[in-house]
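Student: Give me the fold of what follows.
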Amino acid sequence: MKAAPEKIKSRLKVKDEVVVIAGKNKKSRGEILRIDREKKQVVVQGVNLRKRFARPTQENPKGGIIEIEMPIALSNVQYYDSKEKKPTRIAYGQDKNGQKARFSTSSGRKKALD
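Tutor: Numbering: from 1, shown residues only. Model (predicted):
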């Protein structure tokens with residue numbers, strides 16, 4: 001009997017802007033649409049596009065070829081800090097009010113995200 005796959009913890013969240021750091025889509029940027037913690041994969045908007053052939057339906061009466069985003073490995077993406085304009089790691093800490101918050105750890109300084 002197989003054991004259940006282990007869920008991975010991730011500091012990334014849906015709607016975070018990330019940059020791909022490895023693979024054929026390297027250096028492309030996009031927003032996270034979905035995270036699958038069991039498979040350790042993430043779907044990024046506009047990255048890893050595949051063509052699918054759709055049958056005609058009521059919503060899409062013409063059918064035809066559509067492009068959809070496919071998942072990539074979670075380890076191949078990194079948070080993109082729009083203020084610093086570069087990829088960075090994420091750390092957790094306390095903000096000025098004592099609440100738990102995420103911080104950007106680029107160049108040794110901590111800056112609050114969001």
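Student: and stretch 36-50, which residues are buried?
Tutor: 40-44, 47-48 (16 or more other Cβ atoms under 10 Å). All C-beta atoms are positioned from the backbone trio N, CA, C, and that covers glycine.
Student: Actually, stretch 66-77.
Tutor: Quick answer for stretch 66-77 (16+ other Cβ under 10 Å): 69, 71-72, 74, 76-77.
Student: How far off centre is that stretch?
Tutor: 8 Å (Cα atoms, centre = their mean, to the nearest Å).
Student: now do stretch 15-23
Tutor: 6 Å.
Student: ok, now stretch 43-51?
Tutor: With Cα atoms, centre = their mean as the basis, the mean position of stretch 43-51 lies at 11 Å from the chain mean.
Student: Endpoints of that stretch, how far apart?
Tutor: 15 Å (Cα to Cα, to the nearest Å).
Student: show me what contacts the closest residue to Gly64 other than its chain neighbours?
Tutor: Leaving aside its chain neighbours, Gly64 sits nearest to Ala54 (6.3 Å; criterion: Cβ to Cβ, 6 or more residues apart in numbering). Neighbouring residues of Ala54 by Cβ atoms under 8 Å, 6 or more residues apart in numbering: 60, 63-66.
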